[in-house]
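K.L.:
The sequence and its predicted three-dimensional model are supplied below.
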Amino acid sequence: MPANTGAVPITTTKLTAIEQSKRLAAYTAVDKHILPEHKVIGIGSGSTVPYVVERIVAQGRELNKDRMFIPTGFQSKELIVMSNLNLGDVDQFLTIDVTIDGADEVDLNLNCIKGGGACHLREKVLAEAANTFILVADYRKNADYLGTNFTSGVPIEVVPFAYAKVLQNLRHVLGSPNATLRMAKAKAGPVVSDNGNFVIDAPFPREIMMNPFSIMTKIKMLTGVVEVGLFCDMAQAAYFGNEDGSVTVKKKTQSSVVEEIIQPS
Ligand SMILES: O=C(CO)[C@H](O)[C@H](O)COP(=O)(O)O
């Protein structure tokens, strides 16, 4: 048995309003998208995802015994193992039925910022591998434009030796003068990702963030950048738990993104 790192839920104690909103989003998304025929499931990272796993576990041993669960990093790997679900990896399962993940902010067109937990490289691989990619978050993440409430910037994973050069390019060429190397909280020095890389947070002005695909491609072209925490046109739907117990759903149709509110039952 691995050490209990606190990754496993949780919901026996009274939850704050924000936690209840996360749980509501996660439970609703699992109920709508994790169906009996789904056998390979991607599990994202962050504080909302434990509720996703909790709801999947509640579907029962019979449904879960033939499923494989693919993690986006250390935290979700622990969650899968501690929940007695079958652990796989994306090099064994190149196609995933459904990946459910959290988000730092989601815009009108279902583009999102990810990487608040420095897992966006693996998260993007699992989002791309998925036939259906679903986001879950509390109401604070639901915005018209990226960078509205999540102001710390676009997370950018970089190889360590190139970080200073990438920072210079972000500040002086791409228009993010306040781009900074993300520093660890309980360790001296920078955050190191699950892949052994550093993370830069690069805030951009509204006019740039209104076209996330354009800035994503420019950042990705900088030598030394491994992955950019902008996920453009990847999600089929996003679920946001609201304080009043309703859930806002943004979902892709053939021609646009529509918004729907699911009222509490
Ligand atoms: O992208 C992520 C990690 O890299 C997370 O999914 C994102 O930060 C959202 O986390 P939370 O559910 O804690 O708000």
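P.N.:
Yep, that arrived.

K.L.:
Up against the ligand, what does the stretch 51-200 of the chain have?
P.N.:
Applying CB under 6 Å from any ligand atom, we find that the stretch 51-200 of the chain lies next to the ligand at 101, 102, 103, 104, 114, 115, 116, 117, 118, 119, 120, 123. Where C-beta positions appear, they are placed from N, C-alpha and C, glycine not excepted.

K.L.:
isn't the third one right up against residue 140?
P.N.:
No - no contact is recorded between residue 103 and residue 140 when judged using CB atoms under 8 Å, the distance being 10.7 Å.

K.L.:
The longest strand seen in the chain: partners in the sheet, and parallel or antiparallel?
P.N.:
Assignment by DSSP state E gives strand 130-138 as the longest strand of the chain. Its sheet considered, strand 130-138 pairs with strand 96-102 (parallel), strand 237-241 (parallel) by DSSP bridges.

K.L.:
Poorly predicted segments of the protein, please.
P.N.:
1-12 (pLDDT under 70).

K.L.:
run the last query once more with 80
P.N.:
Scanning the chain for pLDDT under 80 picks out 1-13.

K.L.:
Give me the domain ranges for it.
P.N.:
17-144+233-262, 154-229 (automatic domain parsing).

K.L.:
now the strands: where do they sit in the protein?
P.N.:
40-43, 68-71, 96-102, 105-106, 112-113, 130-138, 154-158, 180-181, 198-202, 225-228, 230-231, 237-241, 247-252, 257-262.

K.L.:
mind putting those in TSV, mean neighbour count included?
P.N.:
Shown next, in TSV, are those (neighbours: other CB atoms under 10 Å):
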stretch	mean neighbour count
strand 40-43	26
strand 68-71	24
strand 96-102	26
strand 105-106	24
strand 112-113	27
strand 130-138	24
strand 154-158	27
strand 180-181	16
strand 198-202	24
strand 225-228	22
strand 230-231	26
strand 237-241	26
strand 247-252	18
strand 257-262	13
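
K.L.:
Apart from its neighbours in sequence, what residue is nearest residue 252?
P.N.:
Take residue 252 and drop its neighbours on the chain: the residue closest to it by CB to CB, 6 or more residues apart in numbering is residue 236, 5.2 Å away.

K.L.:
what's the answer for residue 209, then?
P.N.:
Spatial nearest neighbour of residue 209, chain neighbours left out: residue 147 (4.1 Å); criterion: CB to CB, 6+ apart.

K.L.:
my guess is the one you found meets residue 204, correct?
P.N.:
Yes - under the criterion of CB under 8 Å, residue 147 makes contact with residue 204 at 6.7 Å.

K.L.:
got a list of what the residue nearest the centre of the chain touches?
P.N.:
Closest to where the C-alpha atoms of the chain average out (CA atoms, centre = their mean) is residue 102, at 3.7 Å. Residue 102 makes contact with 44, 45, 46, 47, 48, 49, 114, 135, 136, 137, according to CB atoms under 8 Å, 6 or more residues apart in numbering.

K.L.:
Confirm for me that the fifth one is in contact with residue 28.
P.N.:
No - proximity of residue 48 to residue 28 does not meet the contact threshold set by CB under 8 Å, at 11.7 Å.

K.L.:
More neighbours: these two, which one.
P.N.:
Between residue 48 and residue 28, counted using other CB atoms under 10 Å, the more crowded position is residue 48 (27 against 19).

K.L.:
quick one: contacts for the more buried one?
P.N.:
By CB under 8 Å, 6+ apart, the contact list for residue 48 reads 22, 25, 26, 102, 136, 137, 138.

K.L.:
which stretches of the stretch 51-200 of the chain form helices?
P.N.:
Ranges of helices in the stretch 51-200 of the chain, per DSSP state H, counting those that start in this stretch, are 61-64, 74-82, 120-129, 163-172.

K.L.:
most packed of those?
P.N.:
helix 120-129 (a mean of 23; mean count of other CB atoms under 10 Å).

K.L.:
what's that helix in contact with?
P.N.:
Contacts for helix 120-129 (CB under 8 Å, 6+ apart): 42, 44-45, 70-73, 90, 93-96, 99, 101, 114-115, 133, 155, 157, 193-195, 197, 226-229, 231, 234-235.
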